[in-house]
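Peer 1: attaching a predicted model along with its sequence, questions to come.
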Amino acid sequence: MDEIIRDIELFLRRADFAVRVEGRKVLSEISVTPPQFSALQFIVKEKDNPISIGDLSRSMGLAFSTVTDLIDRMEKLGFVERRKDEHDRRVIRIYPLDKGIDVLDQVVAHRVSFVEDVIDGHYTDEEKEHLQRELQKLSELLRESKNKLEKKN
């Protein structure tokens with residue numbers, strides 16, 4: 001295996017870990033668990049086309065029953081609500097509520113501030129733009145590859 005690729009993967013994991021740990025500081029202050037935050041990310045992302053518990057369980061890689069319990073707790077906290085699908089009353093969709101969106105926004109803002117504090121003074125504006133473009137390109141390539149693999153299975 002190419003040593004450069006191995007290093008890229010390692011550096012991506014380290015960066016992801018550092019940002020997640022920093023975000024968890026906010027989560028612990030507001031008594032939100034990491035799985036609840038992960039679920040909120042999926043639910044808010046799909047707010048214009050709300051997902052079902054089955055969709056969420058596949059996206060998170062968790063058992064349906066685990067996600068059902070997670071949604072029960074999030075509903076009690078006022079982060080989300082369940083509604084029957086307009087076209088198929090057997091399907092329950094999950095909608096984010098303002099409180100849940102606010103939690104997501106608060107954590108993301110803290111993470112962005114953390115990354116900004118780390119990067120400022122170490123990168124020129126041109127280097128930041130280059131890094132942004134390259135990370136976007138890598139992210140898109142990885143997502144495309146993931147989607148192709150999922151279609152095969």
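Peer 2: Perfect, I can see it now. Residues are numbered from 1 along each chain as shown.

Peer 1: from residue 112, how far off is the residue most central in space within the chain?
Peer 2: Residue closest to the average C-alpha location in the chain (Cα atoms, centre = their mean): residue 41, at 4.3 Å. Residue 41 sits 14 Å away from residue 112, taking Cβ to Cβ, to the nearest Å as the criterion. For the C-beta atoms, the positions are set from N, CA and C on the backbone; glycine is no exception.

Peer 1: just residue 91 next, same as before
Peer 2: Using Cβ to Cβ, we find residue 91 at a distance of 35 Å from residue 112.

Peer 1: which parts of this protein are helices?
Peer 2: 3-29, 34-45, 53-60, 64-76, 98-119, 125-152 (DSSP state H).

Peer 1: save those as JSON lines, and put in mean pLDDT too.
Peer 2: Shown next, in JSON lines, are the helices of the chain (pLDDT from 0 to 100):
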{"stretch": "helix 3-29", "mean pLDDT": "94"}
{"stretch": "helix 34-45", "mean pLDDT": "94"}
{"stretch": "helix 53-60", "mean pLDDT": "92"}
{"stretch": "helix 64-76", "mean pLDDT": "95"}
{"stretch": "helix 98-119", "mean pLDDT": "95"}
{"stretch": "helix 125-152", "mean pLDDT": "92"}
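
Peer 1: ok, which of these comes nearest residue 84?
Peer 2: helix 53-60 (12.4 Å; Cβ to Cβ).

Peer 1: between the closest one and helix 34-45, how many degrees?
Peer 2: Relative orientation of helix 53-60 versus helix 34-45 (axes from the mean of the first three to the mean of the last three Cα atoms, to 10 degrees): 110 degrees.
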